[in-house]
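Peer 1: what's the 3D shape of this:
(chains A and B)
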Amino acid sequence: MTETTIFRNESTKPISSKTANIFGFLLPGIVLITLLLVWSLISFTNLFPTYAFPSPLAVLKSFTEEIIAGRLLNDIVASLWRVSVGFVLSALLGIPFGLWLGQHINARRAFVPMLNFFRFLSPLAWIPFAILWFHIGDKPAIFLIFMASFFPLALATMSAVATIPNIYFSVAKDYDIKGFSLITKVVFPAVLPQIITSLRVSCGIAWVIIVAAEMVGCQDGLGYGIWEARNGLRLDAAVCYMIVIGLLGMIIDRLLNQLTKLPNIRWGYER
Amino acid sequence: MHSFMTKIIIAVISIIAVLGLLRYKPWKSNGENSLKELIHEGNNKKAIQTLTVGFLPVTCHLTCPVTDYASKTSVSSTNFNSRVFSDFPTVVSALQAKQVQATFMIVPLAMKLREQGVPIKICYLGHRDGSEIIVGKNSNIRSLADLKGKKVAVPSLYSNQNFVFHKLMEDYGMKQTDITFIILPPPDMPTSLAAGAIDGYFVGEPFCAKAELDGIGRVLYYARDIWPNFISCALVVHEDLIKTNPNVVKDLVRGIAQSGAWAETHRAEAAKLAAPYYRQDLKVLNYVLTSDPKRVSYLQLTPTDEDLQQIQNQGIKMGLLTKRIPMHELIDRKYVPLKILPARINVAKIPTPPQK
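Peer 2: Next up, the predicted model:
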């Protein structure tokens, strides 16, 4: 099974592209509508009191309120900005670090325990320090995103490099490729598919973290929106923010998934 | 491979650039502040300075948005921007980093900060009373003694609610271990009570009114019945601001004092004014302010030595405060105006928030 099927959970049976398209929209559509119906039904029958279970109509109303006030757009931009900056920073540092570790066994021995230690430390544990060191605003959130995605990225890159067949290096040696060009011409292209997969995974982590990170030390953003809705005793607004967060997460993952389809990367899967 | 990588790099850089532009809006002169802090942009062109004041959406901090509104719709030499926070730890960091130099804060927390060497002064109070002990609506709890062996939520260790509750237990001859205390964020208290996770809670408004309006809880004690002239929060100002710009502090304390005097007599209007700042349901705020004058009071808000000494003594007794800070170091009363007139607010101009 390839990486793509794991994530997209597609049937392995060959089906014609036309039916695949119809089903691709129809099936999730049915699930979505059923979910909405169940939600409306529960809130209609007052199974739970309204303060504990906002109705779809109330959520829709707060949606329009937030959009008209311009807050929603501002919060989306704020969250996207923090995730992008934190994530790009961790990719810029984490991938080269992983490439280097993958090639040097002693460096691996030295750094891997420390990397693992920090990887298992929940980024949320850093919240108090993030606020103390970076105060309030974009910086603490960016720091938390960085802490969440740097370690998994570096480790994944490192183990990808370690699995490159030795024959690659022998051939590279025959062609007298070494040093920096060995990394750019052989190692990096060979591990690119795995790197993209780990980018997707750590981007998912980053998006989950941003919501929690923005609950403290921020003045805007989607996570802050939820927190503020709670403070304002408006759970309908909180649900509206939850929907936006989930949808954006899906879109981001879809976009990153497009990378794996590019011809330059595809070959990696077909080895 | 190279052209491919170049494309990726260009794509990443352009995404970051577009987001950065949208985020910081360099074409707008005052950046992000203009977005949501200023809800009622007024016509006060005479102001020569601005000051950001922190607050949380609780009625104890109501005078903050009122002062914000008043400074922009009347003539004053300082424009006040109220900046909403959602929790006290963030307020503390903002104050330490001097991102806000004046803010509302629970009194024992301010004492703790002063104890830890953060140079702040208490210049005025938020409001009197305004807190209740809430228990389940259908529970058979009729007095404190019935809470023995139960779970009670308070907003923070360093809240006066926590202090006063312990004082009350002493008065009833109860042991510290008779009640289990749980620290909960105030917005979660009504729902936790409804779910049966806690048996009662003691917190500031509007989180008590919310439980009453939703039919979850009822008032066991009003704060004033336990501790007359109960104080929850105070206006805290960084000493640097007092040193460098005493005029702005004078404007601030006068503004807050006048807003309090106005809110005391214009309760429904104050609820209407504050609802958009708090992003809360007008109905709840209106209930807090107008249902019973016993609930909140915006009178006698000049901090007295006796009031704060009483709180400090209780904190020291409980072991939460460790140093006895002389009251003259903690309180600065010289900016409180001699005669407090109600703020001049044109009631007809207050916009009506959307009703739910």
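
Peer 1: residue contacts, residue 107?
Peer 2: Assuming you mean chain A. Residue A:107 makes contact with A:100, A:101, according to C-beta atoms under 8 Å, 6 or more residues apart in numbering or on different chains. Just so you know, the C-beta spots here come from the backbone N, C-alpha and C atoms, and that holds for glycine as well.

Peer 1: other chain: chain B
Peer 2: Neighbour list for residue B:107: B:122, B:160, B:231, B:232, B:233, B:234, B:308, B:311 [criterion: C-beta under 8 Å, 6+ apart].

Peer 1: Look at residue A:136 and tell me its secondary structure.
Peer 2: coil (DSSP: H, G, I helix; E, B strand; the rest coil).

Peer 1: now the contacts of residue B:107 in TSV, with secondary structure and neighbour count?
Peer 2: TSV is the format used below for the contacts of residue B:107 (DSSP: H, G, I helix; E, B strand; the rest coil; neighbours: other C-beta atoms under 10 Å in any protein chain shown):
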residue	secondary structure	neighbour count
B:122	strand	23
B:160	helix	29
B:231	strand	28
B:232	coil	30
B:233	strand	27
B:234	strand	29
B:308	helix	22
B:311	helix	21
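
Peer 1: out of those, which one sits closest to residue A:252?
Peer 2: Proximity of the contacts of residue B:107 to residue A:252 (C-beta to C-beta) peaks at residue B:233, which lies at 40.7 Å.

Peer 1: How about that closest one: what's its closest non-neighbour residue?
Peer 2: Once flanking residues are discounted, residue B:233 sits nearest to residue B:126: 3.7 Å by C-beta to C-beta, 6 or more residues apart in numbering or on different chains.

Peer 1: Okay, domains of chain B per the record?
Peer 2: Residue ranges for each domain of chain B read B:29-129+B:231-310+B:322-349, B:130-226, as given by automatic domain parsing.

Peer 1: Of those, which is nearest residue A:191?
Peer 2: Among the domains of chain B, if distance is taken as C-beta to C-beta, the winner is domain B:29-129+B:231-310+B:322-349, at 39.8 Å.

Peer 1: Which parts of the helix or strand harbouring residue B:268 count as buried, going by neighbours?
Peer 2: Assigned by DSSP states H and E, residue B:268 falls within helix B:267-278. Within helix B:267-278, the residues that qualify as buried are B:267, B:269, B:270, B:271, B:272, B:273, B:274, B:275, B:276, B:277, B:278, counting by 16 or more other C-beta atoms under 10 Å in any protein chain shown.

Peer 1: Run the chain-centre distance for it.
Peer 2: Centroid separation between helix B:267-278 and its chain, computed with C-alpha atoms, centre = their mean, to the nearest Å, is 14 Å.

Peer 1: Output the contacting helices and strands for that helix.
Peer 2: When contacts are defined as 3 or more C-beta pairs under 8 Å, 6 or more residues apart in numbering or on different chains; DSSP states H and E, helix B:267-278 sits against helix B:63-73, strand B:78-84, helix B:282-290.

Peer 1: tell me the contacts of residue 52?
Peer 2: As the question left the chain open, I've gone with chain A. Residue A:52 neighbours (C-beta under 8 Å, 6+ apart): A:235, B:191, B:194, B:195.

Peer 1: nope, chain B please
Peer 2: Residue B:52 makes contacts with B:37, B:80, B:81, B:82, B:83, B:100, B:101, B:102, as judged by C-beta under 8 Å, 6+ apart.

Peer 1: Which members of these additionally contact chain A?
Peer 2: residue B:83 (C-beta under 8 Å from any C-beta of the partner chain).

Peer 1: which of the contacts of residue B:52 lies closest to chain A?
Peer 2: Chain A lies nearest to residue B:83 out of those, by C-beta to the nearest C-beta, at 7.3 Å.

Peer 1: isn't the closest one right up against residue B:51?
Peer 2: No - Residue B:83 is beyond contact range of residue B:51, at 10.2 Å (criterion: C-beta atoms under 8 Å).

Peer 1: in the stretch 151-300 of chain B, which spans are strands?
Peer 2: Per DSSP state E, counting those that start in this stretch, the stretch 151-300 of chain B carries strands over the ranges B:151-154, B:180-183, B:200-204, B:217-222, B:233-238, B:296-297.

Peer 1: Now residue A:69: phi and psi?
Peer 2: phi -70, psi -10 (degrees, to the nearest 10).

Peer 1: rewinding a little: next, check the contacts of residue A:52 against the helices and list the overlap.
Peer 2: A:235, B:191, B:194, B:195 (DSSP state H).

Peer 1: Distance check, the third one against residue B:261.
Peer 2: Taken as C-beta to C-beta, to the nearest Å, the spacing of residue B:194 relative to residue B:261 amounts to 37 Å.

Peer 1: The first one too?
Peer 2: Residue A:235 is 35 Å from residue B:261, where distance means C-beta to C-beta.

Peer 1: could I get the strands of the stretch 151-300 of chain B as TSV with mean pLDDT and distance to residue B:350?
Peer 2: Formatted as TSV, the strands of the stretch 151-300 of chain B follow (pLDDT from 0 to 100; distance: least, C-beta to C-beta, whole Å):
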stretch	mean pLDDT	distance to residue B:350
strand B:151-154	88	34
strand B:180-183	85	36
strand B:200-204	90	24
strand B:217-222	88	28
strand B:233-238	89	23
strand B:296-297	84	19
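
Peer 1: Pipe the ones you listed into TSV and attach distance to residue B:94 per row.
Peer 2: Output for the strands of the stretch 151-300 of chain B, formatted as TSV (distance: least, C-beta to C-beta, whole Å):
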stretch	distance to residue B:94
strand B:151-154	23
strand B:180-183	21
strand B:200-204	20
strand B:217-222	32
strand B:233-238	10
strand B:296-297	26
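
Peer 1: which residues sit in contact with residue A:161?
Peer 2: With C-beta under 8 Å, 6+ apart, residue A:161 has these contacts: A:98, A:99, A:101, A:102, A:103, A:187, A:191.

Peer 1: swap in residue A:222?
Peer 2: Shown in contact with residue A:222 (C-beta under 8 Å, 6+ apart): A:75, A:76, A:78, A:79, A:210, A:211, A:214, A:241, A:244, A:245, A:248.

Peer 1: What sits closest to the residue of the stretch 101-250 of chain B found nearest chain A if chain neighbours are left out?
Peer 2: Taking C-beta to the nearest C-beta as the measure, the stretch 101-250 of chain B has residue B:187 as its residue closest to chain A, at 4.3 Å. Of all residues not flanking residue B:187 in the chain, residue A:230 sits nearest, at 4.3 Å (C-beta to C-beta, 6+ apart).
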